[in-house]
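*Asks:* 3D, please:
(2 chains)
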Amino acid sequence: MAKSIGVTKQSEDFSRWYTDVVQKAELADYGPVKGTMVIRPYGYGIWELMQQGLDGLFKATGHVNAYFPLFIPESFLKKEAEHVEGFAPEVAVVTHAGGKKLDEPLVVRPTSETIIWHMYKKWIGSYRDLPLLINQWANVVRWEMRTRLFLRTTEFLWQEGHTAHATAKEAEEETQRMLAVYKKFAEEWMAMPVLTGRKSESEKFAGAVATYSIEAMMRDTKALQAGTSHFLGQNFAKAFEVTFQNQQNEAEFVYATSWGVSTRLIGGVIMTHGDDKGLILPPRVAPIQVVIIPIFRDAEQKSLVMAEVDQLNQGLKALGIRVKVDDDETSSPGFKFNEWEMRGVPVRIELGPKDVEKQQCVLVTRYNGEKSFLPLAGLVESMPQRLDVVQKALFQRALTFQQENTHRANNWEEFQEILESKGGFIRAGWNGDPEVEAKIKEATKATIRNIPFDQPENPGTCVFTGEPAQYEVIFAKAY
RNA sequence: CGAGGCGUGGCUCAGCCCGGUAGAGCACCUGCUUUGGGAGCAGGGGGUCGCAGGUUCAAAUCCUGCCGCCUCGACCA
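*Replies:* Numbering: from 1, shown residues only, chains lettered A, B, ... in the order given. From the prediction side, this is the model:
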């Protein structure tokens, strides 16, 4: 024993731990083209559950799904000045197709605002066509220089909502509504506590009037932008000449929003809950919520044990619980324990001859390693409740961690000291000057994650200049 | 693109300095014994040594060029 199997310890090398977990838990693998990723069935299972959850929340807020093309005429991208400036460096361009050079190059969408607003021009004529609330599930391509599985890949899966409204107020409300949806999803499905707020000018979406984000803290105390919602004002409506006639019969430019979360969230859930043994999945997004490991020596024991196991399996399935029986006879129980722990299954049930005799089983919860002997009677019925407890406990644990690693810095010395010794989120005053923001970034690599909605009455002084602060903001090193 | 490192069975790597039969561990296959925290023994299969050229009787090993990957920096959901 004691061979170095499993994953690199989180405490030893967080970044290697992450890469190990992603690959050994069979969530994803590297594709042959630099920066591309193959999402394997287990990882894709998480994404499917996320999609179901999010899609339900989108539908509940009045949105419908549609699909727009992957290819966008290059000229579209150039119509909105900030947008093209922001995305031009990272777009992939198709210059040849059908065996010849194209008249106009096509860009592979890095996001779909341009092609969607091109279409909205055709569909929107009067105030009666508004609001238009469309979401699409799609892949997008951004040629990033440095990539990491799930967190930043050349091609990734996401959803992008694109809405059109008659008034700025309505669009702003939509922006906030969807940010709240993201917060709810992150916290209740992914068990990831997040901070909501507005992005600084330098960090906002290219082409937006304002960008809002949810920011989460990973177990290495670095920040992860987990979702964004943009108020686009009339920028895209003007670029694509999308007007509507209001009730006074006047032409007006339409107001827009867009919002998205991506497969990056999977990276977030891994880094929010995982430990030295590997992945820990919140039950709501776990492809396998309960794994049952039967233990037996011979055929007689096998039939005895499997009879109980089958009953458990059927019972749990009937309640809609995602359960797997690992009856593979070519690997040992001990191996399976470790394997399923590494893969983050929330609850494990062990059932052997001794248990059948006593009409009990061994139940182990992944996140805290707690092992208990429970009577088989009533076990099935108790499972939804048990999973719910795990789901909430994971959120609580992550929330406590986030709070314990959030500090207030009142001056530059404190700021640097906290960043060096503790890391994490730093709440600090900022005078609102982008140059100051840039200087802090250059000096420390910490960036303003967002300007939280919950502002103190007095934001104090700017942590860098000592001038009166305009806001209290969250600084952190980020992914 | 700047700086470092690395390309050898599926994976992790040794061999390279000092040229001469291509290796180990893990994984895989077969058999027997095992199975309550990563099982043991025995046998077995599998490699154009990143690519191209050069030096040499002889190249994984030396030389040149190219390609790819990783880490760090500049860009970002």
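
*Asks:* elements contacting the worst-scoring helix or strand of chain A on mean pLDDT?
*Replies:* Within chain A, no helix or strand scores below strand A:28-30, which has a mean of 83 by mean pLDDT, DSSP states H and E. Judged by 3 or more CB pairs under 8 Å, 6 or more residues apart in numbering; DSSP states H and E, strand A:28-30 is in contact with strand A:37-39. Placement of C-beta: from N, CA and C, glycine included.

*Asks:* counting contacts, what elements does the strand it packs on pack onto?
*Replies:* Judged by 3+ CB pairs under 8 Å, 6+ apart, the packing partners of strand A:37-39 are strand A:28-30, strand A:155-165.

*Asks:* what angle sits between the helix or strand following it and strand A:155-165?
*Replies:* Moving toward the C-terminus from strand A:37-39, the next helix or strand (DSSP states H and E) is helix A:41-60. Relative orientation of helix A:41-60 versus strand A:155-165 (axes from the mean of the first three to the mean of the last three CA atoms, to 10 degrees): 0 degrees.

*Asks:* Flag every buried residue along helix A:41-60.
*Replies:* For helix A:41-60, a neighbour-count test (16 or more other CB atoms under 10 Å) marks A:42-47, A:49-50, A:53-54, A:57-58 as buried.

*Asks:* and what of stretch A:126-137?
*Replies:* In stretch A:126-137, counting by 16+ other CB under 10 Å, buried: A:127, A:130-136.

*Asks:* can you give me the helices for chain A?
*Replies:* Per DSSP state H, chain A carries helices over the ranges A:14-24, A:41-60, A:74-77, A:81-87, A:113-123, A:168-188, A:235-239, A:264-273, A:299-318, A:333-342, A:353-358, A:379-404, A:412-421, A:434-444.

*Asks:* just so I know, which of those helices lies nearest residue A:450?
*Replies:* With CB to CB, the closest approach to residue A:450 among the helices of chain A belongs to helix A:168-188: 10.5 Å.

*Asks:* Quick check: which helices or strands does the closest one pack against?
*Replies:* helix A:41-60, strand A:155-165, strand A:194-198, strand A:210-217, strand A:223-233, strand A:255-262.

*Asks:* and these as JSON lines, adding distance to residue A:100 and mean pLDDT?
*Replies:* Putting these into JSON lines (distance: least, CB to CB, whole Å; pLDDT from 0 to 100) gives the following:
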{"stretch": "helix A:41-60", "distance to residue A:100": "37", "mean pLDDT": "96"}
{"stretch": "strand A:155-165", "distance to residue A:100": "26", "mean pLDDT": "96"}
{"stretch": "strand A:194-198", "distance to residue A:100": "47", "mean pLDDT": "96"}
{"stretch": "strand A:210-217", "distance to residue A:100": "40", "mean pLDDT": "96"}
{"stretch": "strand A:223-233", "distance to residue A:100": "37", "mean pLDDT": "95"}
{"stretch": "strand A:255-262", "distance to residue A:100": "35", "mean pLDDT": "97"}
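
*Asks:* Quick one, which of the ones you listed gets closest to residue A:475.
*Replies:* strand A:223-233 (8.9 Å).

*Asks:* orientation of that closest one relative to strand A:255-262 in degrees?
*Replies:* Taking the same axes, to 10 degrees, one finds that strand A:223-233 is oriented at 160 degrees with respect to strand A:255-262.

*Asks:* Kindly report the domain assignment for chain A.
*Replies:* Chain A breaks down by automatic domain parsing into domains covering A:14-273, A:288-385, A:406-476.

*Asks:* Indicate which one of the ones you listed is closest to RNA strand B.
*Replies:* Closest to RNA strand B of the domains of chain A is domain A:288-385 (CB to the nearest atom of the strand; 2.2 Å).

*Asks:* and that closest one, is it in reach of RNA strand B?
*Replies:* Yes. Domain A:288-385 reaches RNA strand B (CB under 7 Å from any atom of the strand) through A:295-297, A:329, A:331-335, A:337-339, A:341-342, A:350-355, A:361-362, A:364, A:369, A:371.

*Asks:* any idea which of the helices and strands packed on strand A:37-39 is most buried?
*Replies:* Of all these, strand A:155-165 carries the top mean neighbour count, a mean of 22, counting by mean count of other CB atoms under 10 Å.

*Asks:* Just send the domains of chain A back as TSV, with distance to residue A:398 too.
*Replies:* Putting the domains of chain A into TSV (distance: least, CB to CB, whole Å) gives the following:
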stretch	distance to residue A:398
domain A:14-273	5
domain A:288-385	10
domain A:406-476	13
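
*Asks:* looking at these, which is closest to residue A:392?
*Replies:* Closest to residue A:392 of the domains of chain A is domain A:14-273 (CB to CB; 7.9 Å).

*Asks:* so how far is the closest one off the chain centroid?
*Replies:* Between the centre of domain A:14-273 and the centre of its chain there are 12 Å (CA atoms, centre = their mean, to the nearest Å).

*Asks:* Start and end of that domain, how far apart?
*Replies:* End-to-end distance for domain A:14-273, by CA to CA, to the nearest Å: 13 Å.

*Asks:* hmm, that domain touching RNA strand B?
*Replies:* Yes. Domain A:14-273 reaches RNA strand B (CB under 7 Å from any atom of the strand) through A:15, A:19, A:30, A:33-34, A:86, A:89-90, A:142, A:144-148, A:151-154, A:156, A:158, A:203, A:205, A:213, A:225, A:228, A:260, A:262-264.

*Asks:* Filter these down to the buried ones, ChimeraX style.
*Replies:* Buried residues within the residues of domain A:14-273 next to RNA strand B, by 16+ other CB under 10 Å, are selected in ChimeraX with:
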select /A:19,30,86,142,147,148,151,152,153,154,156,158,203,205,213,225,228,260,262,263,264
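
*Asks:* As a quick check, tell me the outermost residue of chain A.
*Replies:* Distance to the chain centre peaks in chain A at residue A:300, reaching 47.4 Å (criterion: CA atoms, centre = their mean).

*Asks:* Could you state which residue of chain A sits nearest its centroid?
*Replies:* Note on chain A: the residue nearest the mean C-alpha position is residue A:265, at 1.8 Å, using CA atoms, centre = their mean.

*Asks:* And the pLDDT for it?
*Replies:* pLDDT for residue A:265: 95.

*Asks:* Could you list which residues are in contact with it?
*Replies:* Residues near residue A:265 by CB atoms under 8 Å, 6 or more residues apart in numbering: A:50, A:186, A:190, A:192, A:226-227.

*Asks:* at 10 Å instead, please
*Replies:* Residue A:265 makes contact with A:46-47, A:50, A:54, A:150-151, A:158, A:182, A:185-186, A:189-190, A:192, A:214, A:216, A:224, A:226-227, A:272, A:285, according to CB atoms under 10 Å, 6 or more residues apart in numbering.

*Asks:* about what we covered before: need the helices and strands packed on strand A:37-39 in JSON lines (columns: distance to residue A:255).
*Replies:* Formatted as JSON lines, the helices and strands packed on strand A:37-39 follow (distance: least, CB to CB, whole Å):
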{"stretch": "strand A:28-30", "distance to residue A:255": "38"}
{"stretch": "strand A:155-165", "distance to residue A:255": "5"}
